[in-house]
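Visitor: What follows is a predicted structure for the sequence shown.
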Amino acid sequence: MGAHPGTPTKVPTAGEPGGGPAGGSQDGLQAGLKNRHLSMIAIGGVIGAGLFVGSGAGIAAAGPGILLSYALTGLLVVLVMRMLGEMAAASPTSGSFSAYADRALGRWAGFTIGWLYWFFWSVVLAVEATAAAAILTGWVPAVPQWAWALIVMVVLTGTNLISVGSFGEFEFWFAGIKVVAIVVFIVVGALAIFGLPPGDHAVGMSNLTGHGGFLPNGPGAILSGMLLVVFSFMGSEIVTLAASESPNPVLAVRKAVNSVIWRIALFYIGSITVIVTLLPWNDPAVLKSPYVAVLKSLDIPYAGTVMDIVVLTAVLSCLNSGLYTASRMAFSLGERGDAPKSFKKVNKGGVPAVAIWASVAFGFIATIFSYTSKDTVFQFLLNSSGAVALFVWLVICFSQLRMRRIIERETPERLTVRMWLYPWLTYATIALIVFVVGYMFYDPDGREQMVLSVVAAVVVLAIGLVLERRRPRTPAGK
């Protein structure tokens, strides 16, 4: 059953099967991502559409205390990314944490978390396509919403099929728009807080302490807020998959890991601070659309349209990167014999075309369900994939505990990124994630999602164990 903890496991080096790129390419994948692509993917990867449209629910649940929810969740992401960066810098691969789990914990772990991750992003394709179609239908109502969803899926599938450079170029501009929008929002909001134009008078800190205080719903609301915001951070790890298709993956991973702290502090905590400082947390407009509410309160013309454009960009960015991520995970699973062999085949452009089509097909079926069975089948898909982020983070933690010892023993020169205070901070991170998982079982709003996600994980694990007994291991790259 793969590598059992305690059994020596060789860490592949660059150019070896499963060991990352030699000269930037990996097992037929084209090293077509430029440094500017990776830099923007790393920066924009933490800015999901959930930040723009989902943050209102978190603010309503925790009040200004949502800042603590974002800070705690952000700290969790920083620690997990540090662990993932340690492994990715030592051995860049398109399978990222799934491949590391395979080597460190056993084939069952790599198979299970790899397919769950693919499932998560394939469902995300449907969520984002539906969201994009809703915005576009508002602008051009003559085109049916389902048609817009189809158009969006087809266009971004095409960009992913042409070359990885085409994906990178689209993502560069999508992420760039998101970054500029957030930075402008923070600057304008900060000026208004201190009474400078476009604000009429200084708001100060009154909204942070008024309206029931900083924690109007009690300290427990901080944890409830974490449950609502934790999934908006999913995407930070994409750069460790994308790095394997760049000329210098080790440098790309190192830069992304080192910058994750300021990215989360600026884009998430910075922008949410502006919202809860400028407006009362219980303002109905904040729950509906917090960013639009702020812009309208400052009399910014066409605030709704501006935010629609930004949200559409964020949605398209998430759809674009989600398709890329799902296909590369499917490619890696195919390489390791944990998915159909066709998944590891690449076209003339150096991209895994079959893996892309398979991901799109599942995403498109899920999109159909979002229109025909929104409250039944589609809701089931959403809930059963909802806690995958926490599972991924747990697997990364346990993999890093094992991989650090292997790397130190076999290729210590490749340990260019190190987890802080190893192994104690890793243990502390595991404890925090387990606590959040336990709280989801306790919390009525999170219980169904956690139960269904656990059921999905158990089913995938069972399938993996059955398949493992029936066939021999296929080394990556064969």
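Guide: Good, I have the coordinates.

Visitor: mind checking which helix or strand of the chain has the lowest mean pLDDT?
Guide: helix 49-53 (a mean of 76; mean pLDDT, DSSP states H and E).

Visitor: tell me, what residue is most central in this protein?
Guide: Gly235 (1.7 Å; Cα atoms, centre = their mean).

Visitor: I'd assumed Asn320 was in contact with it.
Guide: No - look at Gly235 against Asn320 with Cβ atoms under 8 Å: they stay out of range, at 11.4 Å. The way it works is simple: take the backbone N, C-alpha and C, and place the C-beta from them, glycine included.

Visitor: now for the helix or strand harbouring Glu171, which elements pack on it?
Guide: In the assignment (DSSP states H and E), Glu171 maps to helix 164-193. Here helix 164-193 touches helix 35-44, helix 145-162, helix 271-278, helix 290-297, helix 303-335, going by 3 or more Cβ pairs under 8 Å, 6 or more residues apart in numbering; DSSP states H and E.

Visitor: Between these, which one is closest to Gly386.
Guide: Comparing the helices and strands packed on helix 164-193 against Gly386 with Cβ to Cβ, the closest turns out to be helix 303-335 (15.1 Å).

Visitor: ok, then the element right after the closest one?
Guide: Next element after helix 303-335 (DSSP H and E): helix 353-372.

Visitor: how big is the angle separating that next one from helix 145-162?
Guide: Counting by axes from the mean of the first three to the mean of the last three Cα atoms, to 10 degrees, helix 353-372 lies at 170 degrees to helix 145-162.

Visitor: buried sites along helix 353-372?
Guide: 353-360, 362-364, 366-367, 369-370 (16 or more other Cβ atoms under 10 Å).

Visitor: which residues make contact with it from outside it?
Guide: Helix 353-372 is contacted from outside by 118, 121-127, 129-130, 145-146, 149-150, 153, 157, 160-161, 323, 326-328, 330-331, 334, 339-340, 342-347, 377-378, 381, using Cβ atoms under 8 Å, 6 or more residues apart in numbering.

Visitor: The residue lying closest to Ser94 once chain neighbours are set aside: what's it in contact with?
Guide: Spatial nearest neighbour of Ser94, excluding adjacent residues (Cβ to Cβ, 6 or more residues apart in numbering): Arg328 at 4.4 Å. By Cβ under 8 Å, 6+ apart, the residues touching Arg328 are Ser94, Gly95, Leu241, Ala242, Pro352, Ala355.

Visitor: Leu84 versus the third one, what's the distance?
Guide: Distance, Leu241 to Leu84, by Cβ to Cβ, to the nearest Å: 10 Å.

Visitor: between these two, what contacts are shared?
Guide: Ser96.

Visitor: hmm, back to that, show me what the least confident helix or strand of the chain packs onto, helices and strands only.
Guide: Short answer (3+ Cβ pairs under 8 Å, 6+ apart): helix 49-53 packs on helix 107-139, helix 303-335.

Visitor: how far does that helix sit from the chain's center?
Guide: With Cα atoms, centre = their mean, to the nearest Å as the basis, helix 49-53 stands 13 Å off its chain's centre.

Visitor: Can you pull out the low-pLDDT segments for the protein?
Guide: 1-28, 45-46, 48, 199-201, 471-478 (pLDDT under 70).
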